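Colleague: Requesting a structural model of the entry that follows:
(chains A and B)
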There are 2 protein chains.
Amino acid sequence: MPKANAFYAQSGGVTPVINASACGVIETAAKHKRHIGKVFAGRNGIIGALREDLIDTSKESKKAIRGLMTTPSGAFGSCRYKLRSLEENRAEYERLIDVFRAHNIRYFFYNGGGDSADTCLKVSQLSQKLGYDLQAIHVPKTIDNDLPVTDNCPGFGSVAKYIAISTREAALDVASMCETSTKVFILEVMGRHAGWIAGAAGLAAEQAGDAPHVILFPEVAFDEARFLAKVQQTVADNGYCVIVASEGAQTADGRFLSDSGLRDAFGHAQLGGVAPMLANLVNSKLGFKYHWAVADYLQRAARHIASQTDVDQAYAVGEAAVEMAIAGKNAVMPTIIRGSGERYRWSIGEAPLNRIANREKKMPKSFISRDGFGITPTARRYFEPLIKGEAYPAYKNGMPVYTTLKKESVPKKLDTDFSI
Amino acid sequence: MPKANAFYAQSGGVTPVINASACGVIETAAKHKRHIGKVFAGRNGIIGALREDLIDTSKESKKAIRGLMTTPSGAFGSCRYKLRSLEENRAEYERLIDVFRAHNIRYFFYNGGGDSADTCLKVSQLSQKLGYDLQAIHVPKTIDNDLPVTDNCPGFGSVAKYIAISTREAALDVASMCETSTKVFILEVMGRHAGWIAGAAGLAAEQAGDAPHVILFPEVAFDEARFLAKVQQTVADNGYCVIVASEGAQTADGRFLSDSGLRDAFGHAQLGGVAPMLANLVNSKLGFKYHWAVADYLQRAARHIASQTDVDQAYAVGEAAVEMAIAGKNAVMPTIIRGSGERYRWSIGEAPLNRIANREKKMPKSFISRDGFGITPTARRYFEPLIKGEAYPAYKNGMPVYTTLKKESVPKKLDTDFSI
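Modeller: Sure thing, here's the model as predicted:
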């Protein structure tokens, strides 16, 4: 393919290391100037392309681009915007191609989860139909760790590390106070459909009796009586009980625990999470004093304690995406392959997008302990290497130094607006 | 005073660095073997003394004691147990003296906040009345930073650092998503009566427009209309709004915002925090998509990102307490004195306990911006040095190495039980 520009966009919920993937894409593209001209980034994700609102990454200093390695969140902006099917809204896909053509974009790097893999695939398919040469490569990213084929997803390892550490730390707090005060502590973590993050909290335990004592996975139907019995027994045995609950914890009939059915004074649904709901249950049924925490965005943005393995892999998938594009690949995604030896090794593989799009990988049964409240040694062996290494950012005056980009716009070439 | 043993106890809510004070006490006592025999620690705080349930710290290895420098929570156990007044329950104080006499304890180091300073003073007074020689020294500790006389309190700096970092990180997350998704993020932080922790979140901002855009202090009466107007204006100006709310935020008539008045299906008060209450308000009145987090124990146990200044000061007050005791001081507390120069310097001072006990230091008016929603440059100059330096713990397999003590019991000498 003759030299052309590239388009990069961040999609969906951001992670502590998605910017490391951006850095991998931009730095690697710069090494291939014979093939790739400029890298344009979508302002706020794919809607930046639809609006022809492109950021010229060549205007950023090399230092700023390198700074992406240690900066959480989406430096170019992300969005929650799922393109509909080709049949429903072909105009959107055509608009993308129009913008790409106007800016001589022949490389499309889309950094996201399952939905964006699907979009990436469709863009690739339509460009072929329209006879527009485009290499569409998906760059994996999701804290939910639910993409198929790849052993794990960049973004997950850092969140797993943060949650495992936070669980261990909070557990020490409860243990030291439980004689006269808090007996039950509940930490709510992300993971609407899969329990990977909740499972990683299990790394906080080193030996029998260690916290977390109860993990609630979306994969295991919540049974109130069994849950309460387990909490009561744990307090009897250890003096306290630490519970890690996935936000996706649900009953056998598929009702989320967070959907409490409560209404406030205005008649609105109570916006409580799983943690306060469980706290209320434990207190009203067992009478224990409790505390609860909801980590929410804190876990997803905690670059200050990112996993080195995760940062390395996030960069590597960005780098590999560019190399695949230059090698003429299309509609593929770099994957992470785990080596088979005792010692953890990983390498980059490749998967066609039709094996990635719209498939969700849940926690395997072999990862969940028989009673449904913990993780198995198999799960531990899977999780442990993913949180290894501390990729600390630089600090100034006690605060981490995070990079802010200039984000200069690329002059528009089309005289058409496109409302999304 | 002839050579005698020492008693050390941790009191009230624990901190990321209270164990550094324990380390300071134990290591310094070991340097003064001519004066101090063994250091006995109360199992679960002062109730360990009342129950004659003492831990022999001499049975721990030097390495384990050093490990306290990087271990959060209370390694010997703490408690929420306030001794009543001498008139109400003189028996408790007499029991303490009985246990001290039985174990030849002549040094009393009590590591806590305002309540324990009061207890420490009373123990000192009663021992004098009873003619029992005892040096009672209070070792300051509280994440709430509300002790008088001392410039700041060990424990606060690390929590301040964690909250400031978490606020900056979560704000980057919201900023990158706000175009199509979350527009308002609310972080609830500790501080029931004083807004020091909430105020420290202000360090996340570097320039105008930076998060946090709204801080809710217990010191400033919550005004719903003004709050909503500020949030709306901030979203209009920046595209998003980050709010840090103290758990102690309250209305002009002294009602906590967290006391929502809601009842669950069982008729129990809804156990919501300030953050979900504010989220509900913002959503119902302004319609913005929101996220909220409640840091709870996570902030108080986050040793993984403790402030080096805080760790140093926590050790120093433990060390100074022992030196004061050996110098014959009684009913005093080591304080932290801030130097007057541009560059932050600190030294250890001394305050009589009657100037410490039962006095609460709130945020000064000069620290809160005129509109009541932020901090002033004066506050920033105060906070900044307290969060300086990253006192990282060691890691193994991706997890911080925290010390667990053996906590061997001292054989009992009294044949009496004491129920608390």
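
Colleague: And for chain A, the residue most distant from the center?
Modeller: In terms of distance from the mean C-alpha position of chain A, A:Thr180 ranks first, at 38.8 Å (Cα atoms, centre = their mean).

Colleague: Relative to chain B, how far out is that one?
Modeller: 4 Å (Cβ to the nearest Cβ, to the nearest Å). C-beta: built from backbone N, CA, C; applies to glycine.

Colleague: Next, the contact list for the nearest residue to that residue once chain neighbours are set aside, please.
Modeller: Counting by Cβ to Cβ, 6 or more residues apart in numbering or on different chains, B:Cys79 is the residue found nearest to A:Thr180 once chain neighbours are left out, at 4.2 Å. Shown here is B:Cys79, whose contacts under the criterion Cβ atoms under 8 Å, 6 or more residues apart in numbering or on different chains are A:177, A:179-181, B:11-12, B:44-47.

Colleague: Inside helices: which ones of these?
Modeller: Secondary structure assignment by DSSP state H places A:177, B:46-47 of the contacts of B:Cys79 in helices.

Colleague: Next, format these as TSV and append neighbour count, pLDDT and distance to B:Asp417.
Modeller: Formatted as TSV, the ones in helices among the contacts of B:Cys79 follow (neighbours: other Cβ atoms under 10 Å in any protein chain shown; pLDDT from 0 to 100; distance: Cβ to Cβ, whole Å):
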residue	neighbour count	pLDDT	distance to B:Asp417
A:Met177	28	95	23
B:Ile46	28	96	16
B:Ile47	20	95	13
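
Colleague: Just name the closest of these to B:Ile105, please.
Modeller: The shortest separation between B:Ile105 and any of these is 12.9 Å, and it belongs to B:Ile46 (by Cβ to Cβ).

Colleague: per-residue pLDDT, the nearest residue to the closest one once chain neighbours are set aside?
Modeller: Closest residue in space to B:Ile46, ignoring its immediate chain neighbours: B:Ala9 at 5.1 Å, by Cβ to Cβ, 6+ apart. Model confidence at B:Ala9, given as pLDDT, is 98.

Colleague: ok so, going back, tell me the spacing between the residue farthest from the centre of chain A and A:Tyr107.
Modeller: In this view, A:Thr180 and A:Tyr107 are 63 Å apart by Cβ to Cβ, to the nearest Å.

Colleague: cool, A:Ala4 as well?
Modeller: As defined by Cβ to Cβ, A:Ala4 lies at a distance of 7 Å from A:Tyr107.

Colleague: what do those two both touch?
Modeller: With the criterion set as Cβ under 8 Å, 6+ apart, the overlap between the contacts of A:Ala4 and A:Tyr107 is A:Ile36.

Colleague: Which one's more surrounded, these two?
Modeller: Set side by side, A:Ala4 and A:Tyr107 give different neighbour counts by other Cβ atoms under 10 Å in any protein chain shown, the larger being at A:Tyr107 (27 against 18).

Colleague: and the gap between A:Thr404 and B:Gln207?
Modeller: Taking Cβ to Cβ, one finds A:Thr404 at 10 Å from B:Gln207.

Colleague: So between these two, which is more surrounded?
Modeller: Between A:Thr404 and B:Gln207, counted using other Cβ under 10 Å, A:Thr404 has the larger neighbour count: 13 against 5.

Colleague: tell me the SS of the more buried one?
Modeller: Assigned by DSSP: H, G, I helix; E, B strand; the rest coil, the conformation of A:Thr404 is coil.

Colleague: What is the nearest of the ones in helices among the contacts of B:Cys79 to B:Val235?
Modeller: The shortest gap between B:Val235 and any of those belongs to A:Met177, at 38.9 Å (Cβ to Cβ).
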